[in-house]
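Participant: no sequence on this one, just coordinates:
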DNA sequence: TATTGTTATACTCTATAACTATA
DNA sequence: TATAGTTATAGAGTATAACAATA
């Protein structure tokens, strides 16, 4: 079975010779590993969310609306790292489902602001509880050290996104 | 500007009240943060790789071929977390571009094995050097502690993929 | 019957190009 | 002219369903 092959190699982790001294790895190698991990985790997350009512992009946008408050689609597109036409679609889906609502910009007639609705907040909370259960469960089977390592890395990873 | 809004909130990181004591967070919250981060990093990576000759899926598969040696498409699809028809396409693109080659299975006429070619190895190395430069550069502008945190978390994240 | 891999088809997400409306 | 947002269209990546070949 595939996983047997895989696990028999975990001593070498992703690249031959990449494990062992974490601090001795150069940035290029860390970058290579990180990139592969992100790709796989992303596909893993997608497969778990297949039957969710909200796509990961929608959840992520809603998440930002919750955190940032009213914001323009263009500003949100920059934060979410998608182009404006993509954000148009994401926003449209949020509006259609009463997860977000528009408010007019005071001075600029071109712009409008989007904000999360109470329903959107409910759905976000529900989605967190239900759809992330598998990830929380997966995390719970790691060692306390692993969980701690991941938690500490989250902020560093977030800052990478912004570069 | 969007990022100004964003950064003005980083004290609270992703969720209000989620930062501070890393160890006090419950798994549900860590899962929520991790999921959002993975999604954004994944989109960030995609935008950087837009003009690469290889997709992230292709690179990831090639990476596995390098690490695991000859393997069947079905086994590889399990490792890469895609369905067999998707792997058929990924493998076809690798074969077309002389990045991988087929070898026959000794006993099972249905199966064949795929392995990386010398050309595939060259391309993989070249891609690592050139296309990951931005990520290595981004990493280099983090603090040593952040880099260390990320490095330590990689193995824990990898084990999550396998669950 | 079960498994390996392929073909046909469709869906989701995202992008680029061209456009409208306002500043 | 420049900016905010939309529409039209296309491409990449993935999935499901149905199939062929072999075990």
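Facilitator: Looks like it arrived, so ask away. Keep in mind that this is a model prediction, so the values were computed, not measured. Numbering: from 1, shown residues only, chains lettered A, B, ... in the order given.

Participant: pull the number of nearby residues for residue A:93.
Facilitator: Residues lying near residue A:93 (other Cβ atoms under 10 Å in any protein chain shown) number 16. C-beta here means a position set from N, CA and C on the backbone, and glycine is covered the same way.

Participant: sticking with the residue nearest the centre of chain A, tell me its helix or strand.
Facilitator: With distances taken as Cα atoms, centre = their mean, residue A:60 lies nearest the centre of chain A, 6.3 Å away. Using DSSP states H and E, residue A:60 sits within helix A:56-68.

Participant: quick one: check that helix for contact with chain B.
Facilitator: Yes: for helix A:56-68 and chain B, the contact criterion (Cβ under 8 Å from any Cβ of the partner chain) is met by A:56-57, A:59-60, A:63, A:67-68.

Participant: neighbours of residue A:144, just the number please.
Facilitator: The burial count for residue A:144: 8, using other Cβ under 10 Å.

Participant: would you mind measuring from it to chain B?
Facilitator: The gap separating residue A:144 from chain B is 9 Å, by Cβ to the nearest Cβ, to the nearest Å.

Participant: need the contact list for the nearest residue to residue A:100 once chain neighbours are set aside.
Facilitator: Among residues not flanking residue A:100 along the chain, residue A:94 sits closest, at 3.9 Å (Cβ to Cβ, 6 or more residues apart in numbering or on different chains). When contacts are counted by Cβ atoms under 8 Å, 6 or more residues apart in numbering or on different chains, residue A:94 is found next to A:58, A:61-62, A:65, A:100, A:114, A:120.

Participant: mind redoing it with 7 Å?
Facilitator: The contact partners of residue A:94, taken as Cβ atoms under 7 Å, 6 or more residues apart in numbering or on different chains, are A:58, A:61-62, A:100, A:120.

Participant: with residue A:60 instead?
Facilitator: Per Cβ under 7 Å, 6+ apart, neighbours of residue A:60: A:80, B:36, B:39-40.

Participant: quick one: residues in contact with the lengthiest helix in chain A.
Facilitator: Longest helix of chain A, by residue count under DSSP state H: helix A:27-48. With Cβ under 7 Å, 6+ apart as the test, helix A:27-48 has contacts from A:14-15, A:18, A:56, A:134, B:35, B:38-39, B:41-42, B:45, B:56, B:60, B:63, B:81-82, B:128, B:132, B:135-136, B:139-140, B:147, B:150-151, B:154, B:157-158, B:160-161.
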